[in-house]
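Trainee: requesting a structural model of the entry that follows:
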Amino acid sequence: YATSNRRHLMPRDMIENERSTAINPSEATEEKVSLSDRFGLWLGFHPCDQAEYLRMIRGYCDHFGIAIDDDRLRAEAIEWRQTRGAMSGRVAWQFVQDLAGREGVRIAV
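Mentor: As a prediction, this is how the structure comes out:
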């Protein structure tokens, strides 16, 4: 098994088990920061409170023209986050994408 981040071949279970001894241990650390090193990119999916989560979703709906009653939107958004176990911008965006699909609204991103 090989990845673009690893210069040596090794069994998949050796790569996935962080407690195992890698052929070159420093490569395990290098792989973990490869996105940052390659692109200077850091993505943070920070938690938010329920009011902010619902405001994000309403903002997306308004922006993309998804017409939905506030009570229904609130109920579905809360149910969505409960099944996902978190409230964040990422979870809000995933909910809006799903909602748009169910409502037949095409989102141009």
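Trainee: right, and Ile68 touches Val105 too?
Mentor: No - taking CB atoms under 8 Å as the definition, Ile68 is not a contact partner of Val105, at 9.7 Å. The way it works is simple: take the backbone N, C-alpha and C, and place the C-beta from them, glycine included.
Trainee: secondary structure element for the closest residue to Arg58 other than its chain neighbours?
Mentor: Once flanking residues are discounted, Arg58 sits nearest to Leu73: 6.8 Å by CB to CB, 6 or more residues apart in numbering. Element membership for Leu73, per DSSP states H and E: helix 70-84.
Trainee: per-domain residue ranges of the chain.
Mentor: Domain segmentation of the chain under automatic domain parsing yields 1-41, 50-103.
Trainee: hmm, back to that, now the helix holding Leu73: buried residues?
Mentor: 73, 76-77, 80-81 (16 or more other CB atoms under 10 Å).
Trainee: neighbours of Tyr60, just the number please.
Mentor: Neighbour count for Tyr60, taken as other CB atoms under 10 Å: 19.
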